[in-house]
Every structure is written in C-alpha cells, then in structure tokens.
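Enquirer: here's a sequence, model it:
(chains A, B, C and D)
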Protein chains: 2
Amino acid sequence: MLTRSNSNTKAYQNVLEKIKDYIQIDQLKPGDKLPSEREMAEELHLSRSTIREGLRAIELLGLIETRQGDGTFLRPYQSYQTLSLLAGFIFQDRETKDNVDDTLVMIEDVIIDLGHIRGSAYIQSKWSGHGYDYWKKRGYKATFEVILSVIDNQLLEKIWYLLYAFYLSIEDKQHIRKVKDLFQSFGVQTTEE
Amino acid sequence: MLTRSNSNTKAYQNVLEKIKDYIQIDQLKPGDKLPSEREMAEELHLSRSTIREGLRAIELLGLIETRQGDGTFLRPYQSYQTLSLLAGFIFQDRETKDNVDDTLVMIEDVIIDLGHIRGSAYIQSKWSGHGYDYWKKRGYKATFEVILSVIDNQLLEKIWYLLYAFYLSIEDKQHIRKVKDLFQSFGVQTTEE
DNA sequence: TATTATCTACTGGTCTGACCACTCTAAAAA
DNA sequence: TTTTTAGAGTGGTCAGACCAGTAGATAATA
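Expert: Sure, this is the predicted structure:
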C-alpha cells in the first residue's frame, strides 16, 4: 500500500477546479475560448503567474491550447491522449511488467466474448472471406482487429493496443493465443487448402 | 538578453527536456533530489517563473514531487489520483462516456471472475468479518479493493482505478454494480442485523 | 557528555509589475 | 469600396521581492 503524505493543496490546483467550473457553467465546448489569464487572476484573487502554472499543467495534458496574442482555448480532445500518458506511467512501473501478459489475456477474453455476442456472424464472414491463410499471413494484430471493429468500443480498443504493443516490446513470443483456436471458436474452417 | 529561441517551442518545454537530462546524466533515481529552481533558472538562462511553469506541468503528471523548504524530488510513480481530477475536462461527449461505462463493467467482470477463482475464500472471510453494513458504509471502492488485493495483478488494478476514477468524475451515480449481488456471489450474507 | 533550543541558509510558494511579441479589430486613409 | 494603420488585448517571459517551511549547524542547557 502506498502512503500518500501531505495534502496541502497548492494554489495552482484551484486553477484546475476553476477552469472546470468555467467549462461547466459557461457550457464551453471544444474550441471555445477561456477567460484571459489576467481575468482569471483577478477573479480568483491569484497572481497571474500562479494562474499560468495551472494552465501549463493542463496544457501539457493536451486539454487546452494557448495562442499568443489570441487567448486560451479548450481543445478538441482526444481523451485517449491522456490514457496514453497514463499508460506511460503504468508501464514505467517495473512491477507491473510481469502483469502485462496476464492482463492482455484477460482483456482479450473480454474482447472475444463480446465478439461472439455482438458480431459473431460478421466476424465469421470476414474471416471466411479471405481464408485462414490470409489472416495467418497478415498476423495476429490484423486478425484481432476484426473482432475489435465490431465491438465498437474505442476505449477498450485502445487499452488492447497499448497492452499488445507493450507486450511485443518486452517479449520474444509472437503469439500469445492460438489464432487457430480463435478461428474455430467463431466457426471458421482452418483446414489448409 | 532576449530569449525566445525563434521556433514555436515555448521556453518551459525546454525545462522538461533539461530535467530529462538531469535524470539521465546524474543517474537520478526515484526519490533523488533535483537541482533547485533557482539553480535551474541560472543554468538554463531562464527566469524562475518559467522554470516553475515547466515543473508544475510534470508535477501534475506525477513525475516529480515538490516539498516546500526542502526541494524537488523525483517520484517513484504516479497514482491515478491526480489524473482523476483532470478526467472532468476530458469527458463530455456521450460516446466516450458510454465507452468508459461499458469498459469499466467489462473489466470488473474479469476481476470478479478472477476473484472467484483465486481467492474466493479469502474474500468471503474478509467481507464476512466486518459485515455487510461495514462495507456498505465504506463504499464501493473499498469493497472492490478486497477482490483486487487477492488477484495481485497491479496492472489490472491500475486500469480499474483509472476507469473507476474517470467514471466517478463524469457520473452522479455512486454504484454501478449492485454491491449486494457482489456479496452474495461470494456467499456472504447481506441480511441486516 | 548528551540533549535541547536557536539561528541561519536554502528551498519552494506566491505576488507585483514590467516589457515583449503576437493577433485581432476598428478607425483612418487610400 | 479597399487598404492601411493604430490600438487594445492576449499570451510569453522576466526580475525582484517577500513569505513559509525545512534541514543542518551552532549555541545553550541539563
């Protein structure tokens, strides 16, 4: 268990909260303009430098965009950008490296189950259309993407991509799952022709 | 002395690069101390405020930790906590929300299944020990953490934390899953006493 | 001597006010 | 009308200041 010590909030963290308020109260949408730094400073009774410290933080996360001489704008986010960032930290932790393999398998189990439920027929036709050898040649990733395409959950897809890519980067093994079994589970013939 | 080295890159971004150098050249490890803000400012020929803008950015990312009167330190790794703050900025479109919701449920299904397999007895005793009301009071997160603790897959745990934190930040509902059902699935009595 | 209290130098946290570079817009000039 | 220009506003950066907290050296104490 981690011990998270102090909890004295710093002034710039209020900036983050305040900006959330701006977004909510003013119903700001991506691309919209935020109040100027000087305005925020006055309204929050903070110095402009403190305001800026808060802005820089969320700018690095890709949530806002600053244009000199123009203003600060909400960005059309890419929420996955943040997920990628977090993934960076997750993978940075060496302890979790060992878990990548396990977790990848788990995630794939989920994906395969969903594939059966939501688009078994489509997957079957797609795979059968080209034949087993075709997908065998195109590789594990392409094959799996067929399932992912019918599930239509971009977040789950992103998680799988991250895990899979990371797995490949730290392991020698090419396939963690028998593609043949995968095909057969969807009722696709795998006999070579 | 004018600065602003022509290109579009902002000065504070150099701070990030420089800190990477510090880490690499000085072979800094988690917990180690970085040069003081004033030192960095002098060495990079930047003002202290600019240095601080860079520091705040990577602080929010959880890379560093600042202690007033002491210094700035490299951090082991980041928890989901700070990022959950930002989740409020990220999710606005319905589609993304649905993705988070769906994915969270999926991940939890996996976790619950694994809980049954790897530590059903432990979970049961843990929950029974304090009684249903205790966990009901402590909340969904604490209850779920019992399952996570026996699974012992930190990556899966972190993914769940991330999704759960995101979920809370975008929804009002406290419980997405009937805790009562969860208890009963592990054979724990839920009758009030 | 061993302990405690105090001082001091240094650190991050914040503020003020300034100047620059840039972008927009509206008034002035063509 | 179109073009030019001047100004106001914005972010980018800076220097210097003061506060608040920490750690280590020093002095005072038991």
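Enquirer: please, where are all the helices along chain A?
Expert: Taking DSSP state H as the test, the helices found in chain A are A:11-25, A:37-44, A:48-60, A:79-92, A:94-130, A:132-138, A:140-151, A:154-170, A:179-185.
Enquirer: let me know whether the third one sits next to DNA strand D.
Expert: So the one you mean is helix A:48-60. Yes - Helix A:48-60 lies within reach of DNA strand D by CB under 7 Å from any atom of the strand, at A:48-49, A:52, A:55. Yep, even glycine has a C-beta here, placed from its N, CA and C like the rest.
Enquirer: what about chain A, any weak spots by pLDDT?
Expert: Across chain A, residues meeting the criterion (pLDDT under 70) sit at A:1-8, A:76-99, A:162, A:165-166, A:169-176, A:191-193.
Enquirer: wait, A:Ile112 touches A:Val146, no?
Expert: No - shown here, A:Ile112 and A:Val146 do not form a contact pair, counting by CB atoms under 8 Å, at 11.4 Å.
Enquirer: put the buried members of the residues of helix A:48-60 next to DNA strand D into a ChimeraX selection.
Expert: The ChimeraX selection below is limited to those of the residues of helix A:48-60 next to DNA strand D classed as buried (16 or more other CB atoms under 10 Å in any protein chain shown):
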select /A:49,52,55
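Enquirer: with distance to B:Tyr122 as extra columns, can I get the residues of helix A:48-60 next to DNA strand D in CSV?
Expert: Output for those, formatted as CSV (distance: CB to CB, whole Å):
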residue, distance to B:Tyr122
A:Arg48, 54
A:Ser49, 52
A:Arg52, 50
A:Leu55, 47
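Enquirer: which ones, among the residues of helix A:48-60 next to DNA strand D, also lie beside DNA strand C?
Expert: Okay, of the residues of helix A:48-60 next to DNA strand D touching DNA strand C (CB under 7 Å from any atom of the strand), that's A:48-49.
Enquirer: wait, what's in contact with A:Glu17?
Expert: Applying CB atoms under 8 Å, 6 or more residues apart in numbering or on different chains to A:Glu17 gives no contacts.
Enquirer: and the residue nearest to A:Leu163 when sequence neighbours are not counted, how many neighbours does it have?
Expert: Sequence neighbours aside, A:Leu104 is the residue nearest to A:Leu163 in space, at 4.5 Å (criterion: CB to CB, 6 or more residues apart in numbering or on different chains). Neighbourhood size, A:Leu104 [other CB atoms under 10 Å in any protein chain shown]: 21.
Enquirer: with the one 5 residues further on instead?
Expert: With neighbours defined by other CB under 10 Å, the count for A:Asp109 comes to 15.
Enquirer: mind listing what it touches?
Expert: Per CB under 8 Å, 6+ apart, neighbours of A:Asp109: B:Val110.
Enquirer: ok, it to DNA strand D distance?
Expert: Relative to DNA strand D, A:Asp109 is positioned 46 Å away (CB to the nearest atom of the strand, to the nearest Å).
Enquirer: same thing with A:Val15?
Expert: For A:Val15, the distance to DNA strand D - CB to the nearest atom of the strand - is 12 Å.
Enquirer: try A:Gly115
Expert: A:Gly115 sits 45 Å away from DNA strand D, going by CB to the nearest atom of the strand.
Enquirer: list the contacts for that residue?
Expert: If you count contacts by CB under 8 Å, 6+ apart, then A:Gly115 has A:123, A:147, A:150-151, A:186 around it.
Enquirer: if we go by neighbour counts, what in stretch A:107-125 is buried?
Expert: In stretch A:107-125, counting by 16+ other CB under 10 Å, buried: A:107-108, A:110-112, A:114-115, A:119, A:123.
Enquirer: DNA strand D contacts on chain A?
Expert: Counting by CB under 7 Å from any atom of the strand, chain A sits next to DNA strand D at A:34, A:36-39, A:48-49, A:52, A:55, A:66-72.
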